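Trainee: Got a sequence here, can you build the structure:
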Amino acid sequence: MKKDLLIVLLLMCTIATAAQTPGYNKVSSPDGTLSLVVKDAGLALCKGGQQALAIPVVGMGGTLRQPVFVCHISDDYTMLAGKRLHCTNEANEYAATMSDGVRLVLRLYNDGLAFRYEIQANQNLKLQDECTTYRIAEGTRRWMQQWTDSYEGFFPLDTTYKVQPVPSFSGISKSAEGYNNRWGYPALLEPIDGLFVLLSEANIERGQSASSLTNERESYRVTPAESSRPAGAWHTPWRIAIIGSLKDIVESTLVTDVSNPCKMEHTSWIHPGVVSWIYWAYNHGSSDYHIIKKYVDMAVALKLPYVLIDAEWDEMGGHGEADKAEEGNGYTIEDAIAYARSKGVKPLIWYNSSIGWVDGAPTPKYRLNKPEDREREFAWCERLGVAGVKIDFFSGDNQANMDYCIDLLEAAARHHLLVNFHGATVPRGWQRTYPNLLSTEGVYGAEWYNNVATFTAKAASHNATLPFTRNVIGPMDYTPCTFSDSQHPHITTHAHELALTVLFESGLQHLADRPESYLSQPREVQTFLSTLPAAWDETRLVSGYPGVYAVIARRSGNTWYIAGINGTDAVRDIPVPLDGIAEGNRFSAAFLDGHSAVGEWDIHAAGGPLPSTVTCQPRGGFVFVVRR
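Mentor: Next up, the predicted model:
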């Protein structure tokens, strides 16, 4: 042990000395595989000696000076939900004071880079807007989402900035050449075959806005929603780049590694879980007490801990025959909550944030905006036994929205309420700082079957892209696993749909299909849903490529869940290499595609060997459960 410690100290001293030696212009990660080279006004990030990312401009207008070693960081913390409950990472931290007085802080982790700009309290600087710019060369494969305030869009594969021209009347941000030029996080790049970079940001704090990327040709600039900053000491959020193989990307916890530790003193009341959800099948169903009862009863039958009572619960009434017999006889949200609790199911209820879509939007509105109203409403929820709140329809990434979200998380925590943000920006590390935030939408999910026809043909490929893009950075409320059809049909197989419950990580995993659809599935499928975890001890990428296929293994206790999907319209043999995961074990349950129809199952009981390859039907999938 003493010898190992001595080696570590010598290595740290060597790095520190080299970083301060005249002419030395490279900084590196603890394992030496990632390095940064100061290049003109910016940085070049290399992996194993190959340039992975060019950052030709950094700062806020000042000239970059040589970074100097500051310290070694070793982080070890516990999450209550996510891809991994026990998280560890280490980094070498460097700093450079730029010519305008701004301090650039750089952290080289073994799986990526995090950097931010800092200003001291006694500085009174006249600063330009942030100049951070990434260069994404033409021909580079990239999966990027056109920015919207709700982050609900596809991540199509492209090799050029010249995506579909934007109509002049659309109001969408566009470049001088007429192409879309604003992009949301995360952005996945493949600059070299087999080497990937995922760009995002983390640790939004009070007084900060979130950012997006805007480009002119190959230059993609970090563009905060607002450029104002408060007086006194200040810093930007962390700009991050996860770098490595697809396995490195998917398994990384860099977003939470650089985020503030948990600010809550007591967290024993926070429990991830599976939720029955009404909206997908019944758009306005939460105004009907009897439909809510059906979803409570579904939760009971499937042993789910939660039921979500969605929008318009404040307009609730009874519409059954018994209600018609007596004029004025109706029900309230209190009755629905009481019914759920009497059955041992914990209710979650919906609110309109009342800052985004307000006119024409569903109710209840304006109950959370003022601090005194928010406290009163959340105290009422706690008193009635509501377990959490889903808050919807935010209006983008500006500072007011970020502060409002933090206000909501802190107020909800005081009243022991779980939180699910919808119609909102993507996660940027709040799930560590405020672990009552168990899920966030920020994804083009299955609810779109209820809205437009576009999703039907694109869902399979989109589903096979999300594990490598959106879900890398935090929990994703996609509302997976629907076997029947909503307003528009789905053409993914039943096994594909079941696989999404494992493939997609969310601390609140919502099951959105009709109760009769779930309860008509084979007994083995119902048992699977009844025992499905919503938090994972470990996550491994088994195999895959964005938009083509994805296989992920997640462990809960002594049980591995191995799920895969085919994102293509052709039969595909999908490799399932399980080295170091569950090789040599036999599955306790297997759910495979039927031989032809979308709605067919091929279910196998315990005892079968785990295959090294699975043949999937077009838009198909599979799940193996392995209990040690």
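Trainee: Can you give the distance of the helix or strand where Gln145 lies from its chain's centre?
Mentor: Gln145 is part of strand 141-146, with elements assigned from DSSP states H and E. Here strand 141-146 is found 16 Å from its chain centre; the criterion is CA atoms, centre = their mean, to the nearest Å.
Trainee: Direction included, what does whichever helix or strand comes after that strand pair up with?
Mentor: Next helix or strand after strand 141-146 toward the C-terminus (DSSP H and E): strand 157-158. Its sheet considered, strand 157-158 pairs with strand 141-146 (antiparallel) by DSSP bridges.
Trainee: Return the alpha-carbon coordinates of the strand it pairs with using PDB.
Mentor: Output of strand 141-146 as PDB, limited to C-alpha atoms (Å, rounded to 0.1, in the frame of the first residue of the first chain):
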ATOM      1  CA  ARG A 141     -20.600  11.300 -38.500                       C
ATOM      2  CA  ARG A 142     -22.800  13.100 -36.000                       C
ATOM      3  CA  TRP A 143     -26.100  12.500 -34.300                       C
ATOM      4  CA  MET A 144     -27.500  15.900 -33.300                       C
ATOM      5  CA  GLN A 145     -30.900  17.200 -32.300                       C
ATOM      6  CA  GLN A 146     -32.300  20.400 -33.700                       C
END
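Trainee: ok so, going back, neighbouring contacts of the strand holding Gln145?
Mentor: With CB atoms under 8 Å, 6 or more residues apart in numbering as the contact definition, strand 141-146 has outside contacts at 136, 151, 153-159, 163, 172, 180, 182-184, 187-190, 213, 465, 468-470, 546-547. C-beta coordinates here come from the backbone N, C-alpha and C atoms, glycine included.
Trainee: can you give me the strands for the stretch 251-400 of the chain?
Mentor: For the stretch 251-400 of the chain, the strands defined by DSSP state E, counting those that start in this stretch cover 273-277, 306-309, 346-352, 388-392.
Trainee: typed the wrong thing, it's the stretch 101-250 of the chain
Mentor: Under DSSP E, counting those that start in this stretch, the stretch 101-250 of the chain gives strands at 103-109, 112-119, 133-135, 141-146, 157-158, 182-192, 195-202, 211-216, 219-224, 234-235, 238-244.
Trainee: mean pLDDT for those strands: which is lowest?
Mentor: Ranked by mean pLDDT, the strands of the stretch 101-250 of the chain bottom out at strand 234-235, with a mean of 90.
Trainee: Okay, now the sheet partners of that strand, with direction.
Mentor: By DSSP bridges, strand 234-235 pairs with strand 112-119 (antiparallel).
Trainee: Buried residues in the partner strand, which are they?
Mentor: For strand 112-119, the neighbour count (16 or more other CB atoms under 10 Å) marks 112-117, 119 as buried.
Trainee: now stretch 191-209
Mentor: Buried-residue list, stretch 191-209, by 16+ other CB under 10 Å: 191, 195-205, 208-209.
Trainee: Let's have those in TSV, adding distance to Asp335.
Mentor: Below are these laid out as TSV (distance: CB to CB, whole Å):
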residue	distance to Asp335
Pro191	58
Leu195	57
Phe196	51
Val197	52
Leu198	47
Leu199	48
Ser200	43
Glu201	44
Ala202	42
Asn203	42
Ile204	39
Glu205	41
Gln208	42
Ser209	42
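Trainee: picking that back up, select, out of the strands of the stretch 101-250 of the chain, the one closest to Ser506.
Mentor: Between Ser506 and these, the tightest spacing by CB to CB is seen for strand 182-192, at 16.4 Å.
Trainee: the inter-axis angle of the closest one versus strand 238-244?
Mentor: 30 degrees (axes from the mean of the first three to the mean of the last three CA atoms, to 10 degrees).
Trainee: Using CSV, list the CA coordinates for strand 182-192.
Mentor: Extracted in CSV, the C-alpha atoms of strand 182-192 (Å, rounded to 0.1, in the frame of the first residue of the first chain):
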residue,chain,number,x,y,z
ARG,A,182,-29.1,25.6,-33.3
TRP,A,183,-28.5,22.2,-31.7
GLY,A,184,-29.5,20.8,-28.3
TYR,A,185,-27.4,18.6,-26.0
PRO,A,186,-26.2,16.0,-26.1
ALA,A,187,-24.4,15.8,-29.5
LEU,A,188,-22.7,12.6,-30.4
LEU,A,189,-19.8,12.6,-32.9
GLU,A,190,-17.6,9.9,-34.5
PRO,A,191,-14.5,11.8,-35.6
ILE,A,192,-12.5,8.6,-36.2
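Trainee: Please identify the buried residues of that strand?
Mentor: By 16+ other CB under 10 Å, the buried positions in strand 182-192 come out as 182-191.
Trainee: likewise stretch 591-609?
Mentor: 591-594, 598, 601, 603.
Trainee: same question, stretch 612-623
Mentor: In terms of neighbour count (16+ other CB under 10 Å), stretch 612-623 has its buried residues at 614, 616-623.
Trainee: Can you add pLDDT and secondary structure and give the residues you listed back as CSV?
Mentor: Below are those laid out as CSV (pLDDT from 0 to 100; DSSP: H, G, I helix; E, B strand; the rest coil):
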residue, pLDDT, secondary structure
Val614, 97, strand
Cys616, 97, strand
Gln617, 96, coil
Pro618, 97, coil
Arg619, 97, coil
Gly620, 97, coil
Gly621, 98, strand
Phe622, 98, strand
Val623, 98, strand
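Trainee: Can you tell me which of these comes closest to Gln487?
Mentor: Using CB to CB, those come closest to Gln487 at Arg619, 19.2 Å.
Trainee: Give the full set of residues in contact with the closest one.
Mentor: 459-460, 491-493, 496, 565-569, 598.
Trainee: got it, and Asp407?
Mentor: Here Asp407 is in contact with 371, 374 (criterion: CB under 8 Å, 6+ apart).
Trainee: For it, which three-state class applies?
Mentor: helix (DSSP: H, G, I helix; E, B strand; the rest coil).
Trainee: sorry, back to before: the buried residues of strand 182-192 into a markdown table, with extra columns for distance to Arg627?
Mentor: A markdown table is the format used below for the buried residues of strand 182-192 (distance: CB to CB, whole Å):
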| residue | distance to Arg627 |
| --- | --- |
| Arg182 | 47 |
| Trp183 | 43 |
| Gly184 | 39 |
| Tyr185 | 37 |
| Pro186 | 34 |
| Ala187 | 38 |
| Leu188 | 34 |
| Leu189 | 38 |
| Glu190 | 36 |
| Pro191 | 41 |
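Trainee: closest to Leu104 among those?
Mentor: Using CB to CB, the buried residues of strand 182-192 come closest to Leu104 at Tyr185, 20.5 Å.
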